[in-house]
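Chemist: Predicted structure and sequence below. I'll ask about it afterward.
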Amino acid sequence: MTQTAQSVERKSKGFLGKKRNLAILVVCIVVGFFLLVSYGYCFLKKMGKTEGMMENERRHQLQFYDLSIVVAATDNFSLANKLGQGGFGPVYKGRLFNGHEIAVKRLSKNSGQGMEELKNEVRLIAKLQHRNLVRLLGCCIQEEEKMLIYEYLPNKSLDTFIFDQTRKALLDWRNRFEIILGIARGVLYLHQDSRLRIIHRDLKASNVLLDAEMNPKISDFGMARIFGGNQTHENTKRVVGTYGYMAPEYAMNGLFSIKSDVFSFGVLLLEIISGKRNNDYYQKDHFLNLIGIAWDFWRADRALDMVDSSIAGSCNAHEVLRCIHVGLLCVQESATDRPSMSTVVFMLGNETTLPPPKQPAFITGTTSNGPHSSTNGSGSCSVNEVTITIRDKFPENVGSGLVRDQGSGSVLISSTTLGE
């Protein structure tokens, strides 16, 4: 090969080499650019999520109120601002300097609720967000005062309507049915849809508050318990709650589960329909409570006879019968026979065949003239407090896979409700 040809070949190879290097450089730049853009996009997206989460946390963080602000808002806890008396102390209405109305739950110094129960209520409600749960705004823990600050609900509690001979007429059947559905959705959220699995343990009419549009909001989480992801039941030697609403396995053996709340919901549902309290006894000769009355009417095919007379003209007979049917299923003796709250919500809102109820729990009782019983003018007896003595040892086999509890002693169950 001549020297000229070799020279041309070297130049050609050099030119191709430069082109190849240039192409590699361009590809590297382009790939690097896209990697940089992708990284930047992911970083910004992550930052956005983080900021969103931080904003969400900030939004749900509780405010700590100074004692002087609460004192001023409630006019030094004046009697005119007192909304009612709860199990752990009085509840007051307040108005902040910005005009916002609040409800202040003031822990009584000699109440049964201590700092642990207060912390429990704060910790639970701060993490719960649902339209049928009362909203906790903050708290005040200063000097000897311990208080929870809630949103103010102008219509107070459900019991002030359904058990009041005058005000019960303000709730027609449509209102009551929507209240039943709202409570059911709220309990379902606690059991299944919230970040935590929560057993309320004190579901009753006085713990359901009503907003300006009569939407129900479940309140008072001082007795609530958190369950683990797969946990379905627990046992306790300290039975707390209100007589008339407690499931039999809880009242007698200290066993509670989501089905305990279902029992309480069933009692509450029957109370809303009838306008009568379950822990009152009717029919002097038999001492039947509300569950017993409902069961007797159901067996006699006269279930509509238990409906509150104030809503007789507005009620949908088919809806009422379905609700009574669901209520009886909820108060079954065995926890395994009671539906879950998801099933309850479905049964209330859909046309579906319901299983027949068995005889429910706690349908009769006895009365006495002792210090824990009181009679009204009509001859019915209201039991406000009862002492249950638990056997030396709880049953070894309590059925349905529930945990057994070994213990002894007496358990005092007090009925303490707002406005009672």
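Modeler: Cool, the structure landed.

Chemist: pLDDT weak spots in the stretch 301-420 of the chain?
Modeler: 364-420 (pLDDT under 70).

Chemist: Can you show me the helices along it?
Modeler: 317-330, 341-349 (DSSP state H, counting those that start in this stretch).

Chemist: now those as TSV including distance to residue 187 and mean neighbour count?
Modeler: C-beta coordinates here come from the backbone N, C-alpha and C atoms, glycine included. Listed next are these as TSV, based on distance: least, CB to CB, whole Å; neighbours: other CB atoms under 10 Å:
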stretch	distance to residue 187	mean neighbour count
helix 317-330	11	20
helix 341-349	5	18
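
Chemist: Can I get those in JSON lines including distance to residue 93?
Modeler: Compiled in JSON lines, those are given as follows (distance: least, CB to CB, whole Å):
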{"stretch": "helix 317-330", "distance to residue 93": "33"}
{"stretch": "helix 341-349", "distance to residue 93": "32"}
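
Chemist: and of those helices, who's closest to residue 92?
Modeler: Nearest to residue 92, of all the helices of the stretch 301-420 of the chain, is helix 341-349, at 32.3 Å by CB to CB.

Chemist: Contacts made by that closest one with the rest, please.
Modeler: 180-181, 184-185, 187-188, 191-192, 258, 261-262, 265, 322-323, 326, 329-330, 339, 352, 354 (CB atoms under 8 Å, 6 or more residues apart in numbering).

Chemist: The stretch 51-200 of the chain: helices as residue ranges?
Modeler: Secondary structure of the stretch 51-200 of the chain (DSSP H, counting those that start in this stretch): helices located at 67-73, 115-126, 159-162, 173-188.

Chemist: which strands and helices sit next to the longest one?
Modeler: Looking back up the chat, that one is helix 173-188. Contacts defined by 3 or more CB pairs under 8 Å, 6 or more residues apart in numbering; DSSP states H and E place helix 173-188 against strand 208-210, strand 216-218, helix 258-274, helix 317-330, helix 341-349.

Chemist: again, 6 Å this time
Modeler: Packing contacts for helix 173-188, counted by 3 or more CB pairs under 6 Å, 6 or more residues apart in numbering; DSSP states H and E, involve strand 216-218, helix 258-274, helix 341-349.

Chemist: Okay, buried residues for the helix or strand following the shortest one please.
Modeler: In other words, strand 216-218. Moving toward the C-terminus from strand 216-218, the next helix or strand (DSSP states H and E) is strand 225-227. By neighbour count on 16 or more other CB atoms under 10 Å, the buried set for strand 225-227 is 225, 227.

Chemist: any residues touching strand 225-227, and which ones?
Modeler: 196-199 (CB atoms under 6 Å, 6 or more residues apart in numbering).

Chemist: Tabulate the helices of the stretch 51-200 of the chain in CSV, adding columns for mean neighbour count.
Modeler: What follows is the helices of the stretch 51-200 of the chain, written out as CSV (neighbours: other CB atoms under 10 Å):
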stretch, mean neighbour count
helix 67-73, 16
helix 115-126, 17
helix 159-162, 22
helix 173-188, 21
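
Chemist: These: lowest mean pLDDT?
Modeler: Mean pLDDT values for the helices of the stretch 51-200 of the chain show the minimum at helix 115-126, a mean of 71.

Chemist: quick one on the thing from earlier: I'd like the helices of the stretch 51-200 of the chain as TSV, with distance to residue 309 appended.
Modeler: Written out in TSV, the entries for the helices of the stretch 51-200 of the chain read as follows (distance: least, CB to CB, whole Å):
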stretch	distance to residue 309
helix 67-73	41
helix 115-126	37
helix 159-162	13
helix 173-188	12
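
Chemist: And those: which comes nearest residue 95?
Modeler: helix 67-73 (5.7 Å).

Chemist: And that closest one, what does it pack against?
Modeler: By 3+ CB pairs under 6 Å, 6+ apart, helix 67-73 packs against strand 136-142.

Chemist: where are the low-confidence patches of the stretch 1-150 of the chain?
Modeler: Checking the stretch 1-150 of the chain against pLDDT under 70 turns up 1-19, 42-61, 87, 110-117, 120-121.

Chemist: same thing but 50
Modeler: 49-59 (pLDDT under 50).

Chemist: what are the ranges of the strands in it?
Modeler: Under the criterion DSSP state E, counting those that start in this stretch, the stretch 1-150 of the chain contains strands at 63-64, 82-86, 89-95, 101-106, 136-142, 145-151.

Chemist: ok, back up a step: right, and the helices of the stretch 301-420 of the chain - which one's nearest residue 100?
Modeler: Relative to residue 100, the nearest member of the helices of the stretch 301-420 of the chain by CB to CB is helix 341-349, separated by 32.6 Å.

Chemist: what's the angle from the closest one to helix 258-274?
Modeler: 20 degrees (axes from the mean of the first three to the mean of the last three CA atoms, to 10 degrees).

Chemist: residues of stretch 76-95 that come out buried?
Modeler: 77, 81, 83-94.

Chemist: which of those residues lies closest to residue 122?
Modeler: Among these, residue 88 lies closest to residue 122 (CB to CB), at 13.2 Å.

Chemist: coming back round to it: pipe the strands of the stretch 1-150 of the chain into JSON lines and attach distance to residue 30 per row.
Modeler: Shown next, in JSON lines, are the strands of the stretch 1-150 of the chain (distance: least, CB to CB, whole Å):
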{"stretch": "strand 63-64", "distance to residue 30": "52"}
{"stretch": "strand 82-86", "distance to residue 30": "69"}
{"stretch": "strand 89-95", "distance to residue 30": "65"}
{"stretch": "strand 101-106", "distance to residue 30": "60"}
{"stretch": "strand 136-142", "distance to residue 30": "55"}
{"stretch": "strand 145-151", "distance to residue 30": "57"}
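
Chemist: so which of those comes closest to residue 166?
Modeler: strand 82-86 (17.4 Å).

Chemist: helices and strands around that closest one, which ones?
Modeler: The contact analysis (3+ CB pairs under 6 Å, 6+ apart) places strand 82-86 against strand 89-95.

Chemist: quick check: angle from the strand it packs on to strand 101-106?
Modeler: 160 degrees.

Chemist: Contacts for strand 89-95, please.
Modeler: For strand 89-95, using CB under 6 Å, 6+ apart, the contacting residues are 73-74, 77, 81-84, 101-108, 111.
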